[in-house]
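[1] What follows is a predicted structure for the sequence shown.
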Amino acid sequence: ARLDIAALTLATSQRTWQLVAPARFAFAAGGFVVDSLALAAEASSLTVAGAMPRDAALALRLRGADLPLRDVAELLQLPGAPRGRVWVDATLTGTRATPVLAASADWRGGVLRGVSLDTLRARATAEADRVRVDLSMGARARPALVADGDLPLRLGLDAAGPSFAADGPISGRIQGDSLGLELLQTVLGGRLDARGVLAVNLTFGGTWARPLAAGGLQVRNGTLAPAALGDVRWSGVEADIGFFGDSIDVRNVAAASGRGGTARLFGTVSLGNRENPRVDLQLSGRGFNAIARPNLADIDLSGDLRLTGPWRAATLRGSLTADRAIIAIPELAGKDVIPLEGPDRFALLDTITTQVVRGVTAAPPDFIDNLTIDNVPVRMGSDVWLRSTEANINLGGEVSVTRGRVSRGVAAGELQLALLGPLQTQRGTYRLNLGPVQRTFAVEQGEIRFFGDPELNPALDISALHTVRQYSEQGVRPDVRVRVHLGGTLQQPLLELSSPDSMRVTNSDLISYLVTGGPSVEIGGRNGDISATAARVVVGSLGSVLGGKASGGGLCDDAQLSTAGLDAYGGRLRRVGGGILAGTRFNCAKQINERTFVRLDAGLCQVGQLVTQGGGSDPLSFTDALGLKLDYLLGRGVSASVGVEPPTSAVLCSVNANASARGFVPTPRQLGFDLFRTWRF
């Protein structure tokens, strides 16, 4: 059979390749002859000519000059987008059973996986059952990297095909004393943004079935920024790894990350059984920034881990502590619609579907499937927070590292590392965001429980309380407390409202108190004051927003600004301003150190009375309206709390020390002391 090609055009995204002259292919008895297939595009050319019969001698040559590597990858449908230009010359002689190959290639201006490789030169010869490879990178006079090898490879082109001789000896070397650490990116893949100096000096021996290596690998003054971990940046990376035959000695791998955090890896790996090597590796970290993904988590870890045993039956021991963590959670409240079901029931549900983006690639399944996790807890430090635009909740306690089976996605059915156990809420706030109306709730108690699910979708059980302060010039009125319960799961949260003071308070009234500061009967009623209601809505939302802005800053870790409702003001601006200030309290919480937590509660009653009375009467002293509480962790689950509370007259903003209201008993300033002991089962 014969094929004549008179014209041929190949178009890539960059240029068009044309056939230089007519080409001829002849096929006979399982072989072929090609009479000069030559393609050209601008200054680039590619030529294939010769014969490759089944039983006779081979004589085939491939030559390429100034080939754009991007075009080659596109025509061959290779992944990635390598750049640079290649010159190649390869000759194939001998027979199909015992071919002889002589090839050379130069890659200039090469860029692979975003890393510049400068100039790369490769030479290869193959005959009988051996292949010799020589490679160099950089300037010819002083290359940055040289590598050569002699491998037991039979380059058969017959039915048997190429094969390695398992017991055949191998030899080779890799040397480079000033390589850029960017080379790791081409080897490991992914976006590492690597910088620094890599030195390698390795010689290889042994057989193909059991290779041996001797020498070392060092990294100096390196930086790495693994894109998969977010904004994490490892600086001061140093590594010293030795190779001794069939064992690897990880003498030191160290790096710094975050706010002065450090981590160090050391240990040994034995390759006596290449299919199932033995490992004994230890990882120690102190305040190391392990992940920093803005929409997922920002975590600093301390602790020690040790992995021992054969790779397919390894044991993990140790413990970790999250010194500082901000865990992002989805928005919990709907912004457009608040469904009300029945006169006495309030239900607010916003189902949120999220995809947990994992910081690192999952370990090989055979490793996780056979991994034994020997009591590895993850303890929460004093600065661990669940945060969103609505929530600012401090977490405590500990969870355990375990294994869980993925239930959905491309990895469905695989075992992966997961978390098991509850975390307790220590303190914090939740801001119910209903569009223009916002109200802040103080967290009372609760927990977030993990069930060993790799999808990291813990169950929520958190209660928070909001106090609707009542201030009136006509008489003292009791404050109204509204409790919100956050249930469901992190991906499908559920909110419910209730009152801790009375079961007879309808949910419609609770919503009215939250939105307007007064009961539902005051809205649009005969005696209702629309202007006062509108003012309460605006003032209450402003207090929640200002309190949220003050949280997490340098002054307050957690801040609340609670305002009271307003009476009808009849157009008197001074009375409005005084009413707002008289019923307002500012609460600021600050963590002093790992063991000490302080909360200050200050009323603005004095300022409000000065505004309304113009300083003509005897207002409350500013110190009368102050409350202070100090919590101190003694250790081993024991904590102490001492506090001073303002008198009832200051809380109710009345100069009458005997002021009281239904449900309240007037008290003077009180000093309290509590001792707590926590048991966890």
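    Yep, that arrived.

[2] just the helices in the chain please.
    Taking DSSP state H as the test, the helices found in the chain are 69-75, 183-188, 365-369, 507-516, 530-550, 573-582, 605-613, 648-651.

[3] per-stretch mean pLDDT over those helices, give me the minimum one.
    Looking at the helices of the chain, the lowest mean pLDDT belongs to helix 573-582 (a mean of 53).

[4] Wait, residue 30 touches residue 54, no?
    Yes: with contacts counted by CB atoms under 8 Å, residue 30 reaches residue 54, the gap being 3.9 Å. For glycine as for every other residue, the C-beta is placed from the backbone atoms N, C-alpha and C.

[5] Neighbour count: these two, which is higher?
    Neighbour count, other CB atoms under 10 Å: between residue 30 and residue 54, residue 54 has more, with 13 against 10.

[6] Tell me the spacing between the more buried one and residue 35.
    19 Å (CB to CB, to the nearest Å).

[7] again, but for residue 182
    Residue 182 is 45 Å from residue 35, by CB to CB.

[8] Next: residue 287.
    70 Å.

[9] Check residue 24 too.
    Residue 24 is 4 Å from residue 35, by CB to CB.

[10] cool, and residue 230?
    On the measure of CB to CB, residue 230 and residue 35 end up 58 Å apart.

[11] neighbour-wise, which of those two wins?
    Ranked by neighbour count (other CB under 10 Å), residue 230 and residue 35 place residue 230 first, with 19 against 14.

[12] Quick check: closest non-adjacent residue to the more buried one.
    In space, and not counting its chain neighbours, residue 230 is closest to residue 293: 3.5 Å by CB to CB, 6 or more residues apart in numbering.

[13] Which strand in the chain has the most residues?
    strand 415-434 (DSSP state E).

[14] Give the pairing partners of that strand; include direction for each.
    Here strand 415-434 is paired, per DSSP bridges, with strand 391-405 (antiparallel), strand 437-451 (antiparallel).

[15] Could you provide the ones you listed in CSV, with additional columns for mean neighbour count?
    Shown next, in CSV, are those (neighbours: other CB atoms under 10 Å):
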stretch, mean neighbour count
strand 391-405, 20
strand 437-451, 19
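
[16] In TSV, list the ones you listed along with mean pLDDT.
    As requested, the strands paired with strand 415-434 are exported to TSV (pLDDT from 0 to 100):
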stretch	mean pLDDT
strand 391-405	87
strand 437-451	85
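
[17] Would you check that residue 152 makes contact with residue 132?
    No: the criterion here is CB under 8 Å, and residue 152 misses it with residue 132 at 11.3 Å.

[18] In stretch 10-25, which residues are buried?
    17, 19, 23 (16 or more other CB atoms under 10 Å).

[19] Specify which member of these is nearest to residue 86.
    Residue 86 has its nearest neighbour among these in residue 17, at 14.8 Å by CB to CB.

[20] residues contacting that closest one?
    9, 10, 11, 39, 40, 41, 46, 71 (CB atoms under 8 Å, 6 or more residues apart in numbering).

[21] isn't the fifth one right up against residue 20?
    So that's residue 40. Yes: assessed by CB under 8 Å, residue 40 is found in contact with residue 20 at 5.2 Å.

[22] who does residue 440 bridge with?
    residue 431.

[23] What separation is there between it and residue 433?
    10 Å.

[24] Kindly report the same for residue 83.
    Distance from residue 83 to residue 433, by CB to CB: 49 Å.

[25] which one of those two has more residues nearby?
    residue 433 (21 against 17).

[26] how far away is the more buried one from residue 386?
    16 Å.

[27] With residue 300 instead?
    16 Å.

[28] swap in residue 95?
    71 Å.

[29] same question, residue 496
    19 Å.

[30] Just the pLDDT for residue 374.
    90.

[31] show me the contacts for it.
    315, 316, 317.

[32] Give the bridge partners for it, please.
    Residues in beta-bridge contact with residue 374 (DSSP bridges): residue 317.

[33] what number of residues lie near residue 323?
    25.

[34] Go ahead and confirm it touches residue 290.
    No: using CB under 8 Å, residue 323 makes no contact with residue 290, being 10.6 Å away.

[35] want to try a markdown table for the buried residues of stretch 10-25, with pLDDT and distance to residue 63 as columns?
    Below are these laid out as a markdown table (pLDDT from 0 to 100; distance: CB to CB, whole Å):
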| residue | pLDDT | distance to residue 63 |
| --- | --- | --- |
| 17 | 91 | 15 |
| 19 | 93 | 16 |
| 23 | 92 | 15 |
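
[36] between the residues you listed, which is nearest residue 556?
    Nearest to residue 556 among these, counting by CB to CB, is residue 17 at 68.0 Å.

[37] what's the distance between that closest one and residue 46?
    8 Å.

[38] any common contacting residues for these two?
    39, 40.

[39] so which of the buried residues of stretch 10-25 comes closest to residue 487?
    residue 17 (64.8 Å).

[40] Redo the strands paired with strand 415-434 as TSV? Include distance to residue 253.
    As requested, those are exported to TSV (distance: least, CB to CB, whole Å):
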stretch	distance to residue 253
strand 391-405	22
strand 437-451	30
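
[41] closest to residue 176 out of those strands?
    Across these, closest to residue 176 is strand 391-405 (CB to CB), at 38.5 Å.

[42] Please identify every residue contacting each of residue 323 and residue 290.
    What both residue 323 and residue 290 touch, as defined by CB under 8 Å, 6+ apart, is the set 300, 301.
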